[in-house]
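# have a look at this fold, sequence not included:
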């Protein structure tokens, strides 16, 4: 999250490349194994930052000036679009695999280490252990494809372990 202005080896803005393109490619490489495994699922990690994001197809390779918030939000919207489209395609072929998404809420981790680690104290936040819960829940609990799991409450954090689930 919020690395210095940089690109991947393939020329994509780094956050978009790591948060979306790399996960898309990994899923593609593993898809045969995933689809041949009974009751498998793909969990895509997004962020509440998707709320402020939008895809700018003219800026996937930093064609415009770098804006760390815009680029991060774009990568997280791309993650949700991927999770939704994957579920749609899985349903179309009657796969027993599902696609779900999760977000950790605002969690105190090393995520801001390259930018401003103290910024976490400006927001209500959870511990890293609490922030891991939505991903673990999405990976292990009985769910339907297309669900999005994350914390609920003010700031979607602050020690509340109440979680929501909604469909794309």
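That came through fine. Everything quoted here is computed from the prediction, not taken from an experiment. Numbers count the residues shown, from 1 in each chain.

# so residue 2 versus residue 66, what's the distance?
10 Å (C-beta to C-beta, to the nearest Å). C-betas here are computed from N, CA, C, even on glycine.

# same question, residue 48
22 Å.

# and the strands in this structure?
Using DSSP state E, the strands found in the chain span residues 41-45, 98-102, 107-108, 126-127, 147-151, 163-167.

# residue 72: how many residues sit nearby?
Using other C-beta atoms under 10 Å, residue 72 is surrounded by 22 other residues.

# residue contacts, it?
Each residue near residue 72 by C-beta atoms under 8 Å, 6 or more residues apart in numbering is listed here: 1-2, 15, 19, 47, 49, 53.

# show me these that map onto helices.
residue 15 (DSSP state H).

# got the phi and psi for the closest residue to residue 81 other than its chain neighbours?
Once flanking residues are discounted, residue 81 sits nearest to residue 55: 7.3 Å by C-beta to C-beta, 6 or more residues apart in numbering. Per-residue torsions, residue 55: phi -80, psi 130 (degrees, to the nearest 10).

# returning to that earlier point: mind putting the strands of the chain into CSV with distance to residue 26?
Output for those, formatted as CSV (distance: least, C-beta to C-beta, whole Å):
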stretch, distance to residue 26
strand 41-45, 10
strand 98-102, 14
strand 107-108, 23
strand 126-127, 27
strand 147-151, 20
strand 163-167, 25
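
# okay, the ones you listed in CSV with distance to residue 139, mean neighbour count and mean pLDDT next?
Shown next, in CSV, are the strands of the chain (distance: least, C-beta to C-beta, whole Å; neighbours: other C-beta atoms under 10 Å; pLDDT from 0 to 100):
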stretch, distance to residue 139, mean neighbour count, mean pLDDT
strand 41-45, 5, 21, 95
strand 98-102, 8, 25, 94
strand 107-108, 17, 20, 63
strand 126-127, 18, 18, 72
strand 147-151, 9, 23, 86
strand 163-167, 14, 13, 45
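
# residues touching the residue most central in space within the chain, list them.
What sits nearest the mean C-alpha location of the chain, by C-alpha atoms, centre = their mean, is residue 46, with 1.8 Å. Counting by C-beta under 8 Å, 6+ apart, residue 46 touches 76, 79-80, 83, 101-103, 148.

# out of those, which one sits closest to residue 40?
Of all these, residue 83 has the smallest distance to residue 40: 14.4 Å, by C-beta to C-beta.

# what is the burial count for that closest one?
Neighbour number of residue 83 under other C-beta under 10 Å is 28.

# hang on, isn't it packed against residue 103?
No - counting by C-beta atoms under 8 Å, residue 103 is not a contact partner of residue 83; they are 10.9 Å apart.
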